[in-house]
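> need a structure here:
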Amino acid sequence: MQFAYNPKKDNSTDNGMVLQQFRVAEIEIAKSPTDEKIIGIFRYEGGGQMKKGSTILILAEISSTLYAYERFLDVINATTEQARHLISAVETDPVARFEKLIQRINEDIVIFLEGEPTPLAWSRVNIFIIELSQDHVCLTGRGRLMNIFLQKQEDGGYRTFDLFGSLDQSAEVDPNKPFSSLICGDMKVGDILMAGTLNLERLRNELRIKERLTTLPPVSAALEIKQELEHRGIPDDFVAAIVACCALEMPSFEAKETPPPETDKSTTSINKLIETEKDTEETLSPAIAPTQKNTGVNPKKMVVGGFFGLVNILRRGLKKYRPKDVAVMTSLRGMNAGHGSIFTKKRKRIAIALVLVLLISLFGVYSWKKNRRLAAEAATWTAMYEQARDDRDRAESDLVYGNESRAKKSIDDAVGLLGTLDQSKPEYKEKIDNLNKELSDLNKRLQKITSIEPVELTALSGAANGTLAAPVLIGNSAYAVANDSHTIIKIDITDKTVKNIPLPSDAEPIVSGSAGDKSIIFTTAKGKLYAVDISNDAVKTFSSQPRSSDIADLVVYGGKTYELDKSDGQIWKAAAISGGFGAEQSYIKASNVELAGAVGLAIDSNVYVLKPDGTVARFLSGGQEGFSLTAIEPPLRAASAIWTDVDATNIVITDPAEKRVLIFNKDGTLKAQLQSDKFSGPRDVYGDQKTNKVLVVDGTSLLLIDLP
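Modelled structure (predicted):
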């Protein structure tokens with residue numbers, strides 16, 4: 001473990017000079033029983049401690065031990081060693097200097113690859129080059145390494161970034177420019193960067209890396225992490241570097257003024273004479289007037305026993321406290337001897353001082369305990385708030401990498417923590433509100449909510465809700481049925497021209513429609529079929545042999561009709577015959593399939609049945625398969641229609657309760673939630689994959705929507 005820094009003058013004060021510096025600490029542990037990887041840290045220093053210079057760090061983790069990869073690292077190290085001497089003395093922009101360094105490295109790598117017979121597998125190579133110069137950090141690299149960049153915020157907290165993940169790397173390596181991109185930026189006082197081997201990523205929380213980096217100096221943090229890894233005894237190799245930007249105070253040395261020597265005053269000689277006289281008197285007094293020696297024996301007191309002795313003792317005691325004569329009191333006042341009370345001024349002052357000291361002590365103890373309690377509460381609040389921010393950062397990272405389930409858990413954890421925090425202080429409330437807003441934005445990204453502006457093709461004025469039904473879209477022609485007027489509405493979606501095609505006057509309400517080869521087929525709830533010729537819009541009645549009087553949906557697929565019977569929980573299929581369709585047969589083979597009350601049907605070779613609670617059952621050749629939609633927020637509880645076909649890549653479901661149209665992938669994962677201010681309750685849908693559009697019945701309006 002080593003440490004170095006490169007200072008840069010930041011500002012100065014009257015008491016000293018504050019310098020900005022980089023502190024670098026390294027972690028190296030080699031405990032792998034096998035030799036399967038090449039890992040290491042290579043560091044190149046610039047100027048001295050108080051000189052302007054730069055530090056270059058190279059971190060490498062290569063999943064191979066072939067000699068070609070060792071030579072590859074040697075080329076990078078040799079080029080870095082040579083190039084840094086050439087460009088270190090150049091007074092130029094740090095970004096331009098770093099670009100020149102990477103250009104030299106790319107040129108030497110190209111020469112090496114041309115002469116190397118063994119091809120390099122770039123998927124095995126994880127290498128990053130970092131330059132620390134003044135207050136700038138520049139980096140480039142290939143592959144992926146564990147890294148955590150902690151940017152200090154104004155409130156004293158830290159925000160976490162994936163710095164290496166911000167580097168734009170192409171999918172394929174350019175052989176003429178292996179390091180094709182770089183990023184540079186400022187690193188301020190308090191910012192911390194840690195980078196290392198990938199195996200540290202899975203131990204990030206267990207090693208409490210963020211906590212140690214933000215509370216300890218880099219060398220101490222590196223030492224604790226290394227000791228923790230050695231204590232765990234993990235049979236693997238670990239390499240990491242910690243870079244911290246710190247402020248270094250350089251004290252200034254100022255000459256202190258020497259006070260001038262005191263000059264003799266006019267009374268100095270008299271004072272000396274008085275002191276000499278006192279010394280002489282103390283020396284001669286014992287000889288002139290000798291004092292009596294103390295024999296150490298106290299004179300005997302007269303002892304009086306019995307009752308008179310007790311009275312004598314009481315008299316001597318009371319004598320001390322008997323009232324003084326007025327004349328005596330007056331003379332005592334003149335002598336400043338007090339009034340004969342035991343509570344003299346001095347004792348009163350002492351008593352008052354003791355009381356004040358006691359009160360101050362009690363107040364100090366109370367204040368100390370209160371401050372300690374408040375400090376503990378503030379520390380607990382800050383720790384929980386930082387944990388919520390960590391959950392927020394983790395959720396954002398999981399969303400980037402597509403781990404939606406873990407992102408949702410992190411968001412829920414953060415919201416739960418914020419709900420328990422104290423909001424009595426304005427600064428606390430502001431922080432919580434800001435973080436809640438960020439979590440709300442992440443939740444919208446997780447929910448994949450997309451606001452759209454659908455095109456209204458037509459609307460039935462004055463008609464009751466539910467009158468408009470059976471939407472069908474084929475090419476640029478949209479069809480729907482107005483049951484109140486027994487009319488089929490045909491609309492050209494390019495110019496919104498409308499044509500009304502009358503149904504027979506005795507026709508019962510149409511519930512569903514589907515596109516056939518040459519006609520659009522509509523059905524009533526009792527299974528009576530009507531066909532509209534696509535070429536000339538002629539309407540005719542098809543013969544049919546329905547087996548149900550409670551049809552919920554119709555799909556024409558492969559020359560057959562499939563009708564969803566919501567009462568019996570069955571799907572009836574019928575083959576085409578001359579002038580219509582033949583006898584219906586049951587499609588569902590198993591008797592334990594519960595489809596009663598189902599609301600929608602869609603076919604793409606698989607058969608999808610939508611239940612009103614939002615669950616979808618999938619069948620193939622009459623047998624049920626394992627299939628389910630992923631959970632979404634808010635949950636799907638009142639679905640009304642479903643659409644897909646053999647060419648479609650999506651499954652579309654309408655949810656009138658939440659006023660949205662849901663787009664799912666064929667594997668059941670959510671792709672988008674379409675929302676619009678024009679939605680009042682989408683309840684039926686039909687699409688055309690060739691135009692990538694869907695037709696939605698919303699109330700008494702017919703809307704056209706582009707699929708994402």
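> what segments of the stretch 601-708 of the chain are strands?
Per DSSP state E, counting those that start in this stretch, the stretch 601-708 of the chain carries strands over the ranges 607-610, 616-620, 623-625, 641-643, 650-655, 660-665, 670-675, 682-688, 693-698, 701-706.
> list the buried residues for the second one?
Within strand 616-620, the residues that count as buried by 16 or more other Cβ atoms under 10 Å are 616-619. All C-beta atoms are positioned from the backbone trio N, CA, C, and that covers glycine.
> again, but for stretch 633-648
Within stretch 633-648, the residues that count as buried by 16+ other Cβ under 10 Å are 636, 639-645, 648.
> could you do stretch 202-211 as well?
So, applying 16+ other Cβ under 10 Å, buried residues of stretch 202-211: 203, 209-210.
> need these in a markdown table (columns: pLDDT and distance to residue 561).
Below are the buried residues of stretch 202-211 laid out as a markdown table (pLDDT from 0 to 100; distance: Cβ to Cβ, whole Å):
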| residue | pLDDT | distance to residue 561 |
| --- | --- | --- |
| 203 | 90 | 60 |
| 209 | 92 | 63 |
| 210 | 89 | 62 |
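> which helix or strand contains the spatially closest residue to residue 686 that is not a sequence neighbour?
Excluding the flanking residues, the one nearest residue 686 by Cβ to Cβ, 6 or more residues apart in numbering is residue 471, at 4.5 Å. In this structure, residue 471 is located in strand 468-474 according to DSSP states H and E.
> if I look at residue 647, how far off is residue 604?
Distance, residue 647 to residue 604, by Cβ to Cβ, to the nearest Å: 8 Å.
> go on, residue 243?
54 Å.
> give me the more crowded residue out of those two.
Comparing residue 243 with residue 604 by other Cβ atoms under 10 Å, the one with more neighbours is residue 243, at 22 against 17.
> name the SS class of the more buried one, please.
The three-state label given to residue 243 by DSSP: H, G, I helix; E, B strand; the rest coil is strand.
> surely it is in contact with residue 139?
No. At 10.7 Å, residue 243 does not count as touching residue 139 under the criterion of Cβ atoms under 8 Å.
> helices along the protein, start to end?
67-88, 94-115, 209-215, 218-232, 268-288, 306-319, 326-334, 345-400, 404-420, 426-447 (DSSP state H).
> tell me how this protein divides into domains.
3-250, 373-447, 451-706 (automatic domain parsing).
> of all these, which one is nearest residue 280?
When the domains of the chain are compared by Cβ to Cβ, domain 3-250 sits nearest residue 280, at 54.3 Å.
> how far off centre is that closest one?
In terms of Cα atoms, centre = their mean, to the nearest Å, the centre of domain 3-250 is found 24 Å from the chain centre.
> and the closest residue to residue 529 other than its chain neighbours, how far from residue 565?
Among residues not flanking residue 529 along the chain, residue 542 sits closest, at 4.0 Å (Cβ to Cβ, 6+ apart). Remark: distance between residue 542 and residue 565 (Cβ to Cβ) = 18 Å.
> the two: which has the busier surroundings?
residue 565 (24 against 19).
> mind checking pLDDT for the more buried one?
pLDDT for residue 565: 93.
> show me what contacts it?
The neighbours of residue 565, taking Cβ atoms under 8 Å, 6 or more residues apart in numbering as the test, are 547-548, 550-552, 571-572.
> same deal with residue 555?
By Cβ under 8 Å, 6+ apart, residue 555 lies in contact with 514, 561-562, 601-603.
> who wins for neighbours among those residues?
residue 602 leads these on contacts (other Cβ under 10 Å) with 28 neighbours.
> thought that residue was touching residue 644?
Yes. At 4.6 Å, residue 602 and residue 644 qualify as touching, with contact defined as Cβ under 8 Å.
> between these two, which contacts overlap?
608, 651.
> can you list contacts of stretch 535-547?
488, 490, 499, 501-504, 518, 521, 526-533, 561, 563, 565, 572, 574, 577, 579-584.
> let me see the contact set for residue 520.
472, 474, 479, 513-514, 531-532, 534.
> sorry, that was for residue 437
Counting by Cβ under 8 Å, 6+ apart, residue 437 makes contact with nothing.
> how much space between it and residue 392?
Counting by Cβ to Cβ - residue 437 and residue 392 are separated by 11 Å.
> likewise residue 595?
Distance from residue 595 to residue 392, by Cβ to Cβ: 43 Å.
> with neighbour numbers in mind, choose between the two.
residue 392 (24 against 21).
> which residues touch that one?
Residue 392 makes contacts with 410-411, 414, 435, 438-439, 442, as judged by Cβ under 8 Å, 6+ apart.
> for those, which one is nearest residue 588?
Of the contacts of residue 392, the one sitting nearest to residue 588 (Cβ to Cβ) turns out to be residue 411, at 40.2 Å.
> the closest one reaches residue 393, doesn't it?
No. Residue 411 is not in contact with residue 393 according to Cβ under 8 Å; the separation is 11.2 Å.
> more neighbours, those two?
A count of neighbours by other Cβ under 10 Å puts residue 411 above the other of residue 411 and residue 393, at 25 against 20.
> nearest residue to that one other than its sequence neighbours?
Counting by Cβ to Cβ, 6+ apart, residue 395 is the residue found nearest to residue 411 once chain neighbours are left out, at 4.8 Å.
> ok, now which ones touch the residue nearest the centre of the chain?
In the chain, the C-alpha nearest the mean C-alpha coordinate belongs to residue 393, at 1.5 Å (Cα atoms, centre = their mean). Residue 393 makes contact with 159-160 under the criterion Cβ under 8 Å, 6+ apart.
> ok, it to residue 407 distance?
11 Å.
> again with residue 682
For residue 682, the distance to residue 407 - Cβ to Cβ - is 28 Å.
> what does residue 676 give?
Taking Cβ to Cβ, one finds residue 676 at 26 Å from residue 407.
> out of those two, which sits in the busier spot?
Taking neighbours as other Cβ under 10 Å, residue 676 and residue 407 compare with residue 407 leading, 23 against 19.
> for the closest residue to the more buried one other than its chain neighbours, give me its contacts.
Spatial nearest neighbour of residue 407, chain neighbours left out: residue 398 (3.8 Å); criterion: Cβ to Cβ, 6+ apart. The contact partners of residue 398, by Cβ under 8 Å, 6+ apart, come to 404, 406-407, 410.
> now the strands for the stretch 101-250 of the chain?
125-133, 136-142, 146-152, 158-161, 182-186, 192-196, 237-251.
> which of the ones you listed sits most buried?
A comparison of the strands of the stretch 101-250 of the chain by mean neighbour count, using mean count of other Cβ atoms under 10 Å, puts strand 192-196 on top with a mean of 25.
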